[in-house]
Every structure is written in C-alpha cells, then in structure tokens.
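In: fold the following.
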Amino acid sequence: MATISLADVAFRTLPPHLFVSTGIGGSNSYAHAKKYSLNCRIPSKSKRKSLYKSDSLFKTRAVVRCSMGDSGEASVDIAGNEDSTELEINEDDFKAARRALSEAQSKQQALEKERDQLLKELSTTKHKQQELLTLLMHEKKSSHTESVFLKEKVLNEMNKDATVANGGRLSLVIDDESYKLKLLSQGPRREIPVWMARRIDSVRTKFPPRKIDIAEANTSKYKSLELPNPAEVWSIAQAKPKDDDTLIDKELIEKKRKALERALQRKTIEKQKTPEEIKLEPGTGTGREIVFQGFNWESCRKKWYQDLAPKAADLSRCGITAVWLPPPTESVAPQGYMPSDLYNLNSAYGTQDDLKYCIEELHNQHLLALGDVVLNHRCAHKQSENGVWNIFGGKLAWGPEAIVCDDPNFQGRGGPSSGDIFHAAPNVDHSQDFVRNDVKEWLNWLRNNIGYDGWRLDFVRGFSGEHVKEYIEASNPAFAIGEYWDSLAYEGGDLCYNQDAHRQRVINWINATGGTSSAFDVTTKGILHSALHNQYWRLIDPKGKPTGVMGWWPSRAVTFIENHDTGSTQGHWPFPRDKLMQGYAYILTHPGTPVVFYDHFYDFGLHDVITELIEARKRAGIHCRSPVKIYHANNDGYVAQIGDTLVMKLGHFDWNPSKEIDLDGNWQKFVDKGSDYRLWLRM
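Out: Numbering: from 1, shown residues only. The predicted structure follows:
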C-alpha cells in the first residue's frame, strides 16, 4: 500500500462535482487537503482508473477508513480486494472523513487565533516594559534625592553574604550614570599634598581594616555598628506622658500663643491710657468702671458659668469693664449665700474648672472679674456634743471659738460681734487672729489661683469695716464693693425728703474701711423710686448736690437700679418697670460707679438702650468724680450738666441747652427719648 495525502485522493480519484459539493473543490482544493496532511493508503494506479466512468462514482468492494489521531492528523485507509479493478467507496465513511477534515480545520484556525493573540499580548508587554524602563532611567538621572542607603539595601538583598564594607557607603555604590556619585567618588578634588599624605599614613594603622566578607567581619575584634530594635526606639506617636513629663501638643502651644498675644495687647492698651486710667485703687478701680451684675436669683438652676462666658465679648463691646460673679463656694443654699467649705468651688453655678474658664474668657475681653465673697457667716458641717451645728469642716476646720459669743443660736465661744447678727447661720468672729489669717489666705488663693480681680463683699453690716480694710490691703483687689444695706427714712408711708442720716451711715462704714472699699448707693436707689414719679425735686439736696451717697462721696458710691435681692424672682424692692430707662439714664450719666443688672440687659429688652447710654458716658469722659451742676429739679423734670461735655434732662420738662443762659458752648443732641430723657454733647 502506498501512502498519499488527502489532496491526492481528492484530486486524482474524486470527480469535479464532488469537490464542489464537499467544499474542497477548485484550484486550491489540493493545497487545502495537503495542508491538513490527510494520509491515505490506496491500491495501485491501475486500480484507481475504475473510479471514473461517465463522470459518475462507482462503488467497489474497497472500504475507505478515516481516522483522526491525537496530534490532529487525519488518515484515510482504503482497503479492498487486491485483485479488484474497481474501487468501492463507502458513503458513510467518506462523510466521516469530511467531518474530520472540517474539525481539524476549525481546531487549526482556533490555534492560529490563540497564537496571534499571544503574540499581540507579548508585543504589548514588551512595549510597556520599554516605557517603564525609560521612565525609571529618566527618574534616576533627574532625581537629586537618590540615596546611597537605598543602593546599599538593594545590594545586600541581592547577595547578603557577598561583602561587608567598613570603608563607607560610597564603596558599595556603583552607578556610572549618577553625576552626584561621580562628584562624591572621583572629584573634583585637589591632589593630596605630601605632608598630608605622610600624616594620613601615620594614623592609618589606627583605622579598623576593611572587611572583605561576612565571616571576616563576624570574627573581627572591632565592634560593628549595632542598631537598636525598632520596637525599642522612642516614637513620639506612641509616647505617653510620665509623672514628671508633659507632652506639649499643638493645641497647648496655640493656647499659650494666644495668651501671650492677649497679654501684649493689654500692655499696648495700658500704654495708650492716661496715668489716671491706669491707676487702680480698691475703692474706685480706674474711676471709669462700669459694673455688670452677671447673674440673678435663679441663675443657680443651670450651669451658669458656661452660659455667661460666651457673653464676655458682647459685654466688652458694649462698654462694660467689670463683671460681678455669683458666690463661688459650696453652700447650703444653692444661691451661694450660705457658704460651708470655702475652698470647695464646685457650686450650683458650675465646677471650679467652669469658673476658671469663665474668668479666663472675661480676661480675654479685658474685663475684671469680681467675686461675691461671704465673710460674715459660715454654715457648720457637724454638730457638737450638745447637738449644736458649730463644727466646721474642710480645710478651715474651725470650731465654736470662731463664732461670736453673742450669737444665741450657735453657742459660740469667741468675742462679741462687731456688727449686726445674721441669725440664719453662725456669725464668724473676725476679732480672732487665726480667723483673719485664714480669711486673708483664702482671698489670696482666689486671686492667685482662680483669677478673681476684686470683691463684692456680702452683708458687711455684720462686722467692722476695720476688718474689711485689713482683708483688702492683704488681697489688693482692683475694685471692691461693700453691701451695706440700711433702711431709708419714711414718714406716714411716704419717703422723707431728707435722707442725710441714711447716706451718713453708709459713708461711716466706708470711712471705717479707710476708703479702701466702695459701697452700694442704696440711698440713691430709694430716692429714684419716688423722684421719677414727677417728684424730680427729690434729686437735689439743699446745697444743690445729688441727694444720695454720690452727692457726698461720689468716688465711693456704686449706683444701681436693681439686683438679685431687690428684683429677680425675689422682688423685695423692685424698681418701677416703666421708669427703668429713666433710672439708667440717671446713674449712667452721673458720677459714681454704675451697675447694670443682668435681667435688664438681656431679658428686659434694654440691651441697646443701655449700650447707647454707656457710649454717651464714655464720649463725655464721665468718671466717678465728675462734677454735677443741677439747673432744674421740680415736678416737671430734672436738668443737670455732668462734667464739661454732657447735659441731660429727665421728664416732660420743655428744655434744651439754647434756653439756658448760664450754659455756654455748642451742644448737639445725642439721645432723644422724648419725655423720658434727652442727652446733649458739647461739640
């Protein structure tokens, strides 16, 4: 049997119409058949002649057997009788051969397609590698931060046991393309002088020899560099403060920076002030103080310090210079006026930290912080053996010896009281040396540790003004106010015109302090209650001066309209609501130190009205000693000139500066509230 290709079989034995019908006819049929290497074993040439007869295919006893090997090569076996002259082809076997040929062709096409895809991907990969290599070379040439440490690391990873160099890191760097390396390793350098070479040779033996490999380095007597374990290296990110060490973070640095800026700003403002404005006296402050009572009777119902602190900027902007804060100590009553442990500043108004934050905010706005201190009485923590509450606790652990002996309710063993008895709590005996020393130490602690600038002294009628003088001189406050409360004189239910006795008692107490403290001008408040109801004649005394304490000692008179006792929810002696604007117009334009009540400023809608009056006071330069010249005081109204540049009118009295013969100058109306009040400033 001879082995031929399927092309031979198709071309030589099959008729043309069969080629066309099977899809392998035409000029390329032989090439297609040969391409797929189909091998056939057929009889000799003489026997193939019988395949053609009248363009028809005759079957013979010969059988065509087609098979497809594992390699994809198809073969056709033609078997039959050797003696037969006709070739018999089985139709089913031929169809199987044709299908095998078609499958082989499809598989070959798939393989070619896969090969082309792989070649394309290979080409793309090579292109990307070329781009990456180009980029790396460009970065390597242009970078000025190439590190020799990185080179050393790469070399060590490639061959960790190759070499150990004690001669420096540059000995491990091999990079001819690095201009930086060439400069470091080759020059430019000058030739070493002979004398330097000799000196180098003389000390060269002291240098450790260069190690060639790891084994030599490990056996060397010279100790190599030993780096610590990374876990043992101190890290600022993981460090924690020790007992004697504090980490300073950005917030703390920023806080200190702002504090320094504010201090510098305060120093700048102080330098711009006149010597009269810089000078501080406990009784008068700067003489231009405007005090704000920063609480009322109900303020203890919430964390008041946190509520008040944000208002510091507004108060300063409106012209306030000092803020009177509520009593800070632990107290039996939440309002703070029944203190127990004086050093415990966690009160109903907030914690000690809240208090310090509030004071800091006041200071940031250049406001003084006045503490309300209760020195006359103190509530005990324990009962004595006979059941009397006269044993004090806390840091100041006093006993009955600290209580006056004429207080009938608490069996004190101290000296007699130097003032009136406050019957709700044990009255402290300020004649005792240890009591005065403890009080002075406590006041200085409030000044230095908490930040208070001055005091509002509660119920000073209970002890002598001489003790107040000692406390003020020891604590050196910027401003001090005493609450010397006394009743005015009435006759037949009506207020007496002459209140000289009342204001004299207040002045007597101020005298007892040596003038170191001011006092609330209760006299002026009481007179205003009646005078503003068409009795303005009450505002001038027989000598032509104001009738309150401000008429006799204006620099020590602290004028007010209302406070937490007289107004608020207590309402013991409230100011006439329809006369509040006139009342503030009077005290804010007259000498003395005026006080603005919290309720009026923020709750009664008088914020802008009071701010306008404060602005007039500042423009006119009115201070606690400004002179007052009263032109008119009758049923219809009140007219007065305060200082040299302000004139004011109360009531429905028809008056203006042009109508006054004795009033010289060019005056311009600054505030006009009709029949309530009017203000003029000299131009």
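
In: which residues does residue 641 bridge with?
Out: Here residue 641 sits in beta bridges with residue 629, residue 647, as judged by DSSP bridges.

In: pretty sure it sits against residue 632.
Out: No - counting by C-beta atoms under 8 Å, residue 641 does not reach residue 632; the two are 11.1 Å apart. Placement of C-beta: from N, CA and C, glycine included.

In: between these two, who's got more neighbours?
Out: Comparing residue 641 with residue 632 by other C-beta atoms under 10 Å, the one with more neighbours is residue 641, at 23 against 18.

In: for residue 419, what are its contacts?
Out: 376, 460-464 (C-beta atoms under 8 Å, 6 or more residues apart in numbering).

In: one more pass at 10 Å, please.
Out: With C-beta atoms under 10 Å, 6 or more residues apart in numbering as the criterion, the residues that contact residue 419 are 376, 404, 427, 430, 459-465, 467, 484, 509.

In: which of those residues fall in helices?
Out: 465, 467, 509 (DSSP state H).

In: if I look at the second one, how far off is residue 307?
Out: Meaning residue 467. 34 Å (C-beta to C-beta, to the nearest Å).

In: what's the answer for the first one, then?
Out: Distance check for residue 465 against residue 307: by C-beta to C-beta, it reads 35 Å.

In: all strands for the stretch 451-600 of the chain, in order.
Out: Using DSSP state E, counting those that start in this stretch, the strands found in the stretch 451-600 of the chain span residues 454-457, 480-482, 490-491, 494-495, 518-520, 557-559, 593-597.

In: dump the ones you listed into JSON lines; add distance to residue 363, mean neighbour count and mean pLDDT as well.
Out: JSON lines is the format used below for the strands of the stretch 451-600 of the chain (distance: least, C-beta to C-beta, whole Å; neighbours: other C-beta atoms under 10 Å; pLDDT from 0 to 100):
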{"stretch": "strand 454-457", "distance to residue 363": "13", "mean neighbour count": "26", "mean pLDDT": "98"}
{"stretch": "strand 480-482", "distance to residue 363": "18", "mean neighbour count": "28", "mean pLDDT": "98"}
{"stretch": "strand 490-491", "distance to residue 363": "44", "mean neighbour count": "10", "mean pLDDT": "94"}
{"stretch": "strand 494-495", "distance to residue 363": "42", "mean neighbour count": "12", "mean pLDDT": "95"}
{"stretch": "strand 518-520", "distance to residue 363": "22", "mean neighbour count": "26", "mean pLDDT": "98"}
{"stretch": "strand 557-559", "distance to residue 363": "22", "mean neighbour count": "29", "mean pLDDT": "98"}
{"stretch": "strand 593-597", "distance to residue 363": "19", "mean neighbour count": "28", "mean pLDDT": "98"}
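
In: those strands: which one's closest to residue 586?
Out: The closest of the strands of the stretch 451-600 of the chain to residue 586 is strand 557-559. By C-beta to C-beta, the value is 8.2 Å.

In: sheet-wise, list the partners of that closest one with their directions.
Out: strand 518-520 (parallel), strand 593-597 (parallel).

In: reformat those as CSV; add distance to residue 414.
Out: Formatted as CSV, the strands paired with strand 557-559 follow (distance: least, C-beta to C-beta, whole Å):
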stretch, distance to residue 414
strand 518-520, 26
strand 593-597, 34
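
In: between those, which gets nearest to residue 544?
Out: strand 593-597 (21.8 Å).

In: before we move on, back to that, find the residues that touch each one of residue 641 and residue 632.
Out: Joint contacts of residue 641 and residue 632 (C-beta under 10 Å, 6+ apart) are residue 660.

In: neighbour-wise, which of residue 467 and residue 307 wins?
Out: residue 467 (21 against 16).

In: how far away is that one from residue 412?
Out: Counting by C-beta to C-beta - residue 467 and residue 412 are separated by 16 Å.

In: and of the strands paired with strand 557-559, who's closest to residue 653?
Out: Nearest of the strands paired with strand 557-559 (C-beta to C-beta): strand 593-597, 23.0 Å.

In: what residue ranges in this protein score low on pLDDT?
Out: In the predicted model, the chain carries pLDDT under 70 at residues 1-89, 137-190, 200-201, 203-228, 230-251, 254-255, 258, 261-279.

In: so where's the longest helix in it?
Out: Longest helix in the chain, counting by DSSP H: helix 91-142.

In: packing partners for it?
Out: helix 6-13, helix 16-22, helix 29-35, strand 63-68, strand 74-79 (3 or more C-beta pairs under 10 Å, 6 or more residues apart in numbering; DSSP states H and E).

In: any chance of the strands of the stretch 451-600 of the chain in a markdown table with distance to residue 531 as columns?
Out: Putting the strands of the stretch 451-600 of the chain into a markdown table (distance: least, C-beta to C-beta, whole Å) gives the following:
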| stretch | distance to residue 531 |
| --- | --- |
| strand 454-457 | 26 |
| strand 480-482 | 23 |
| strand 490-491 | 15 |
| strand 494-495 | 9 |
| strand 518-520 | 18 |
| strand 557-559 | 13 |
| strand 593-597 | 17 |
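
In: great, nothing more from me.
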